[in-house]
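J.: Any chance you can model this:
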Amino acid sequence: MRGKWKRFWDRHGYLCVLSACLLLVAGTALWTRAPEEAAEAPSVTRYASPTPAPTPQPASVDLTIEPAETPAPFVYPCGGEIGMEFAADRLVYNETLGEYRTHEGVDFLGKEGDAVRAAEDGTVTRVWEDPLLGHCIEVTHRDGYITRYASLATAGLVGEGEEVACGQVLGTMGTSAALECGEGPHLHFELRRLQETLDPMKFLQAGT
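T.: The predicted structure is shown next:
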């Protein structure tokens, strides 16, 4: 037995010693090696939530607002009670004719000779005698307004083309309107604008 071991050692002893040395070196290296540092966690880039873009506001727009139309500053052309009222779109009873008709003006009752005055500054554009409404005067005012004064006692105290002031006497009440003479002395007063017949009572205000 010893002979076999001696022969083995003679042949392979060197290798055995070398292997033992290598194992010893490897074991020492493993033992003395510092523990590896824990792997660094990968850095995570955090992104902030996107800020929503502001909603664009419409550019300011200057609006031109037309002022509402207000009644023209016409004054009462005379005193007295109201006789036949304005009724351009309906029928009212006409005492003179004894029938229902439309009526495009307002009748102011009074006495023969009561003064009839201009309801606003303007220009006399017509003086005439109408077969139904008698002696008439037409005055044109600003903004296309027109006033008409009928059933006057005479043709009036002013002529066509004459400038008149608000409150200026144009004539006097009478009974010249054959269509309305049953009411007695009165002024038949009309208001128009751009060919439209208007209710005078909606545009009159107290004044001299």
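J.: So E85 lies in a strand, does it not?
T.: No: note on E85: no strand contains this position according to DSSP: H, G, I helix; E, B strand; the rest coil, which reports coil.
J.: Skip the chain neighbours and tell me the closest residue to it.
T.: Distances taken as CB to CB, 6 or more residues apart in numbering put V106 closest to E85, at 6.1 Å, once the chain neighbours are dropped. No exception for glycine: its C-beta is placed from N, CA and C like everyone else's.
J.: Tell me who's in contact with the one you found.
T.: 82, 84-86, 188-190, 199-201 (CB atoms under 8 Å, 6 or more residues apart in numbering).
J.: Which stretches in the chain count as strands?
T.: Ranges of strands within the chain are 74-75, 87-94, 99-103, 106-109, 115-117, 122-130, 134-140, 145-152, 163-164, 169-172, 186-193, 196-198, 204-205, based on DSSP state E.
J.: okay if I get the ones you listed as TSV plus distance to A178?
T.: Converted to TSV, these look like this (distance: least, CB to CB, whole Å):
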stretch	distance to A178
strand 74-75	27
strand 87-94	12
strand 99-103	14
strand 106-109	14
strand 115-117	18
strand 122-130	9
strand 134-140	7
strand 145-152	9
strand 163-164	27
strand 169-172	17
strand 186-193	11
strand 196-198	21
strand 204-205	26
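J.: Please tabulate those in TSV, including the columns mean pLDDT and distance to E180.
T.: Output for those, formatted as TSV (pLDDT from 0 to 100; distance: least, CB to CB, whole Å):
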stretch	mean pLDDT	distance to E180
strand 74-75	96	22
strand 87-94	92	7
strand 99-103	93	9
strand 106-109	97	6
strand 115-117	97	15
strand 122-130	97	11
strand 134-140	97	9
strand 145-152	97	6
strand 163-164	98	24
strand 169-172	97	16
strand 186-193	97	6
strand 196-198	95	17
strand 204-205	87	20
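J.: so which of those comes closest to L179?
T.: When the strands of the chain are compared by CB to CB, strand 87-94 sits nearest L179, at 7.4 Å.
J.: export the closest one as PDB, just CAs?
T.: The C-alpha atoms that make up strand 87-94 are tabulated as PDB, following Å, rounded to 0.1, in the frame of the first residue of the first chain:
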ATOM      1  CA  ALA A  87    -107.000 106.100 -33.100                       C
ATOM      2  CA  ALA A  88    -105.100 105.500 -36.300                       C
ATOM      3  CA  ASP A  89    -105.400 101.700 -36.000                       C
ATOM      4  CA  ARG A  90    -108.900 101.400 -34.700                       C
ATOM      5  CA  LEU A  91    -112.400 102.900 -35.100                       C
ATOM      6  CA  VAL A  92    -113.800 105.700 -32.800                       C
ATOM      7  CA  TYR A  93    -117.100 107.300 -33.000                       C
ATOM      8  CA  ASN A  94    -117.300 110.600 -34.900                       C
END
